[in-house]
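A.B. asks: Got a predicted structure here, sequence first:
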Amino acid sequence: MSLLDLSDIPKERASFLTSEQLTGHFFAISTNEKERAENFQIIMDKARDFGVSDEVYQHYQEQAPIWKAPELWVKPKPFGKKVKLAEFPLSCLPEMLSEYLEAVANYVQVFPEMAALPLLSVLSLCAQGKAIIKHPGNDHTEPLNLYTMTIAAPGERKTGSFKEFMRPVKEYQDYYNEANKYRVNEYKATKNFLESQKLTYMKGKNANLEKVKEISRQLADLEPVHELRLNVSDATPEALAWEMYLQGGKIGVLGDEGAIFDVLSGLYSGGATNLNIFLEAYDGSDYSIIRRTKENIDLKNPLLTMGLMVQPELFTQAMNNQAFSGRGFIHRFLFSFPDSKAGYQNFRSKSIPIKLQEKYNTLVKRLLIMPVSSNPPIILSDNDATNLLNDYHNHLQEAMRTGGIFEDLKEWASKQFARCMKISGILHLCEHEPNELLSGQTALNGISIAMWTENHALKALSSEMLDTTEKDANYVLERIKTADKLELSKREILRLCRKFNAGEIAEPLGLLEDMGYIRYIQPPSGTKGRPSENYKINPLVYE
């Protein structure tokens, strides 16, 4: 029996349309709405194969009331492609660092993914300026500094792991400043005295050009001695550049507050944004600021490490700010989206073993005391490392081609090999001297960590992070699914989604309806009073 007009449909398609699957009997095999929906999806999948899905869908919608079948459902439109995030490869760190990262994560009660990039950023802070690593295929070199960003909600204990990793850095800084307090004060006093004398001989009756020249020479010969400051968390671009100048061109911006986002978006500069220092100090490009009333800032080979821990909302705001996300700045970062452990944390946690803490402290101190030079030693690769790095380079090139995972993210992917080299160089310095060859194993470890960050970058830079409405709709859907019901009132949905009020939830519900996840149930005609707002739930959401 023909169910559709077959006059203009090829015979092979007509055979499908006249099959038993296109009768109401197919629906009669189950009274379960979910099974009915699954059966209809099978039909639609077959119809799509034959190129007649529109005709079949229309026919069934017309026939459903006759068969006294419920409204028919098909698979809803998917949200932005969800990216599967792998666990951090702990075994790719040097054994001691792997054990220490795991111990810190257990102590703070977070997953290792929460602590991984903060640890790498601290190691980067300690290693930058101590060596550079040579590209195995050409003469290009990379400094050993990283920009990292860990994105996690409030209450996820972002601060805990960061403090543990920074503890020996702060202790070293405090010890250095205490030991050099006299020299710092002596330098300040001498410099202030000479500058005062210079002003005296430049003015009035005491003006003396020869004295001014002599004092200028003394000031030029005066060896600067400043307090050691390894890290800042909140500074304007000019203030950061000045602090870098005082610190020999090397410093870090590491923290969990995200205050730097306000700086980058121009909060303290009337909306004007100056990313120059953050762009140039990523790869050691010279940077200068000419100041009218103060000493000029002239940075040779400046290096900056950034290790940020921010909330998703703040990150989304930053990504929607062209001043922040423009000029390739955001594409310099490694990203991590750790899973939440909130709700599964124990009352007691395991302390970090003292011997393990001591080993980590020793490593940090060894890296910090390594000399910084205008001509740092170069890390070269052995044959195994060269071959492995070549393979990873080719992997990235292929991923940026049409159809590759980075087809739409070439700007980030094009910088990934350099980041891989940086990671490999940092891991190398943790176990070896700069003049030793980068081994195949260390290169493989660096590659593995770099590959772990790839899917996190896909998540960070995809529309999933940028579309707030879609994000809210997905949240509402996940809450609806917890009810495990095929019909819910709006009041019940609001009870499940306490972060929204009745007005705020309208847009996410509308999107879910447009995408086929839910249907609004029109109240019967003649209903008195204010009818209840009810929604049918697509049974296929429970697959």
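C.D. replies: That came in fine, so what should we check first? Residues are numbered from 1 along each chain as shown.

A.B. asks: Am I right that L85 sits in a strand?
C.D. replies: No. When DSSP: H, G, I helix; E, B strand; the rest coil is applied, L85 is found to be coil, with no strand at that position.

A.B. asks: contacting residues for it?
C.D. replies: E113, F337, D339, N455, H456, K459 (C-beta atoms under 8 Å, 6 or more residues apart in numbering). From N, CA and C alone the C-beta is placed, and that goes for glycine too.

A.B. asks: neighbour-wise, which of these leads?
C.D. replies: H456 (24 neighbours; other C-beta atoms under 10 Å).

A.B. asks: So that one sits against D339, correct?
C.D. replies: No. Using C-beta atoms under 8 Å, H456 makes no contact with D339, being 11.8 Å away.

A.B. asks: Which secondary structure state is assigned to the spatially most distant residue from the centre of the chain?
C.D. replies: Centroid-distance maximum for the chain: K205 at 62.8 Å, with C-alpha atoms, centre = their mean. For K205, the assignment made with three-state DSSP gives helix.

A.B. asks: what's the distance between it and H59?
C.D. replies: Distance, K205 to H59, by C-beta to C-beta, to the nearest Å: 107 Å.

A.B. asks: What about the residue nearest to S532 when sequence neighbours are not counted, how many residues nearby?
C.D. replies: Sequence neighbours aside, S489 is the residue nearest to S532 in space, at 5.4 Å (criterion: C-beta to C-beta, 6 or more residues apart in numbering). If you count neighbours by other C-beta under 10 Å, S489 ends up with 13.

A.B. asks: thought S489 was touching E533?
C.D. replies: Yes. If you go by C-beta under 8 Å, S489 and E533 touch, sitting 6.5 Å apart.

A.B. asks: Which stretches in the stretch 151-300 of the chain count as strands?
C.D. replies: Ranges of strands within the stretch 151-300 of the chain are 231-232, 250-255, 287-289, 297-299, based on DSSP state E, counting those that start in this stretch.

A.B. asks: need the next SSE after the last one, C-terminal direction.
C.D. replies: Think strand 297-299. Sequence order places strand 303-310 as the next helix or strand after strand 297-299, per DSSP states H and E.

A.B. asks: OK, contacts around A37?
C.D. replies: L72, W73, V74, N538, P539, L540.

A.B. asks: Are we agreed that I133 is in a strand?
C.D. replies: Yes. Under three-state DSSP, I133 falls within a strand.

A.B. asks: I'd like the distance between it and F417.
C.D. replies: With C-beta to C-beta as the criterion, I133 and F417 are 12 Å apart.

A.B. asks: pLDDT (mean, whole number) over stretch 383-392?
C.D. replies: For stretch 383-392, the mean pLDDT works out to 97.

A.B. asks: got it, and stretch 347-354?
C.D. replies: 86.

A.B. asks: per-residue confidence for A116?
C.D. replies: At A116, pLDDT is 96.

A.B. asks: Go ahead and confirm it touches L101.
C.D. replies: Yes. Between A116 and L101 there is a contact at 6.7 Å, judged by C-beta under 8 Å.

A.B. asks: quick one, which of these two is more surrounded?
C.D. replies: Legend: neighbour count by other C-beta under 10 Å for A116 and L101, higher for A116 (26 against 23).

A.B. asks: what's the helix or strand for the more buried one?
C.D. replies: helix 112-127.

A.B. asks: How about L388?
C.D. replies: helix 383-399.

A.B. asks: What is that helix packed up against?
C.D. replies: helix 416-431, helix 440-461 (3 or more C-beta pairs under 8 Å, 6 or more residues apart in numbering; DSSP states H and E).

A.B. asks: Pick the most deeply packed of the ones you listed.
C.D. replies: Of the helices and strands packed on helix 383-399, the one with the most neighbours on average (mean count of other C-beta atoms under 10 Å) is helix 416-431, at a mean of 24.

A.B. asks: what secondary structure does the most centrally placed residue in the chain sit in?
C.D. replies: Geometric centre of the chain, nearest residue: F335, 2.7 Å, by C-alpha atoms, centre = their mean. For F335, the secondary-structure state derived from three-state DSSP is strand.

A.B. asks: ok, it - contacts?
C.D. replies: L117, T148, M149, T150, I151, T453, H456, A457, K459, A460.

A.B. asks: ok, the third one touching P118?
C.D. replies: No. M149 lies out of contact with P118 (C-beta under 8 Å); the separation is 10.3 Å.

A.B. asks: These two: which is more packed in?
C.D. replies: P118 (29 against 23).
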